[in-house]
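Student: Got a predicted structure plus its sequence, pasted below:
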Amino acid sequence: MRVSTKDLPEAYRPSATKEQAQQAKPFEDLPIILRPHAHLPFPPRMHWGYAIPIESLLDIAVEKMGYKIPDIPESELLPGCPPYNDLFVSNLAMIFLENHVEHDMQLDYQIVFCEGEITYVISICSSWEHCPKALDTAKRLADYFGMTESPKWYLDYHLWHWRRFKK
């Protein structure tokens, strides 16, 4: 059976705009057409992992890594901005998770599109790499966070589009 990009949801097709890509729903199973092959064009990068709110990572940074949330008066904060640096917090949490939950693989905290939202996932691996220990890692993360659902494939925020490489 031949698989075509026309069989994909609109958000994943080569003709998708960024606005359409933002509506991408995560996949339970990655369609074969979204896995890189020797043919062109090259598919968008997908991340296999768990959507974890930054607040959960903040808890890890504070409770496990000793991070102190800066005491900044609310009047000095920009609207909608927390009193902490989410990049720093996510890096601290990833260090903890890599050292105490998952010793064999590097984890990434990635920005992805998910059903009209821009969200973060703990990426166990991407569609562009071979990850032989990914299933074990997913189980350990699920156990740590008390999750019962399986990881999903999410569309990368930066590399959401198909592209051709020059020869």
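Tutor: Yep, it's here.

Student: Can you tell me the centre-most residue of this structure?
Tutor: residue 121 (3.4 Å; Cα atoms, centre = their mean).

Student: what mean pLDDT would you report for stretch 49-68?
Tutor: Summarised as a single mean, pLDDT over stretch 49-68 is 93.

Student: which of the residues in that stretch are buried?
Tutor: Going by neighbour count (16 or more other Cβ atoms under 10 Å), the buried part of stretch 49-68 is 49, 50, 51, 52, 54, 57, 58, 60, 61, 62, 67. No exception for glycine: its C-beta is placed from N, CA and C like everyone else's.

Student: Kindly report the same for stretch 89-108.
Tutor: 89, 90, 92, 93, 94, 96, 97, 102, 105, 107.

Student: next one: stretch 138-158
Tutor: Applying 16+ other Cβ under 10 Å to stretch 138-158 flags 138, 140, 141, 151, 152, 153, 154, 155, 156, 157 as buried.

Student: List the contacts of it.
Tutor: With contact meaning Cβ atoms under 8 Å, 6 or more residues apart in numbering, stretch 138-158 is reached by 11-12, 21, 24, 26-30, 34, 44-52, 56, 97, 101-102, 107, 110-114, 118-119, 121-122, 124, 126-127.

Student: next helix or strand past the helix or strand bottoming out on mean pLDDT in the chain?
Tutor: Least confident helix or strand, the chain: helix 86-100 with a mean of 90, by mean pLDDT, DSSP states H and E. Beyond helix 86-100 in the direction of the C-terminus, DSSP states H and E gives the next helix or strand as strand 108-114.

Student: now the angle between helix 86-100 and that following strand, please.
Tutor: 120 degrees (axes from the mean of the first three to the mean of the last three Cα atoms, to 10 degrees).

Student: Tell me the gap between strand 108-114 and the middle of its chain.
Tutor: Centroid separation between strand 108-114 and its chain, computed with Cα atoms, centre = their mean, to the nearest Å, is 3 Å.

Student: what's the answer for stretch 112-132, then?
Tutor: 3 Å.

Student: and residue 125, what are its phi and psi?
Tutor: phi -160, psi 170 (degrees, to the nearest 10).

Student: Pretty sure it sits against residue 133.
Tutor: No: using Cβ atoms under 8 Å, residue 125 is not in contact with residue 133; the gap is 9.0 Å.
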